[in-house]
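Peer 1: Just need the structure, nothing else, for what follows:
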Amino acid sequence: MQIYDYVPILIQLLIALFVALGVILISNFVGTKKPNAAKLAPYESGMAPIGMAWRRFPIRFYLTAMLFVIFDVEIIFFYPWAVFLRHAKAAGTAAGNEMGYVLFILAEMLVFMAFLLLGYVYIWKKGALTWD
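Peer 2: Prediction:
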């Protein structure tokens, strides 16, 4: 593989960069600028702000968000595994050793799923999935 094989990707990245910067610059130069007190006030759901903007959230909020991200990222690994399993099965069939490849890859994913299940049971027992 040569360096010129990556030229189309580089061109696409440069075009995307120029379009993004161009839109920002055009809106900055063409857009109207008439700031007033209402426009500069913090806005959320159409309600006037009440109290401090920096308030503390319960730790359970962050724990739930982290659990979602962790398990969501773990699930992403299933698709490449399935694609690789299909290619390994085809390669194993061509080499005359179909079951060796498939069983090894299947065992790897079962170990991965066991770790996921263990983590799920752990957070379930700790009460992280209950909402007060």
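
Peer 1: pLDDT wise, what is the residue nearest the centre of the chain at?
Peer 2: The C-alpha lying nearest the average C-alpha coordinate of the chain belongs to Val73 (Cα atoms, centre = their mean; 6.4 Å). pLDDT for Val73: 80.

Peer 1: chain center to the helix or strand where it lies: distance?
Peer 2: Using DSSP states H and E, Val73 sits in helix 59-76. Between the centre of helix 59-76 and the centre of its chain there are 11 Å (Cα atoms, centre = their mean, to the nearest Å).

Peer 1: which helices and strands does the helix or strand just after that helix pack with?
Peer 2: For helix 59-76, the following helix or strand on the C-terminal side (DSSP H and E) is helix 78-95. Counting contacts by 3 or more Cβ pairs under 8 Å, 6 or more residues apart in numbering; DSSP states H and E, helix 78-95 is packed against helix 98-125. No exception for glycine: its C-beta is placed from N, CA and C like everyone else's.

Peer 1: helices and strands around the helix it packs on, which ones?
Peer 2: helix 59-76, helix 78-95.

Peer 1: Count the residues that sit near Tyr79.
Peer 2: Tyr79: 9 surrounding residues under other Cβ atoms under 10 Å.
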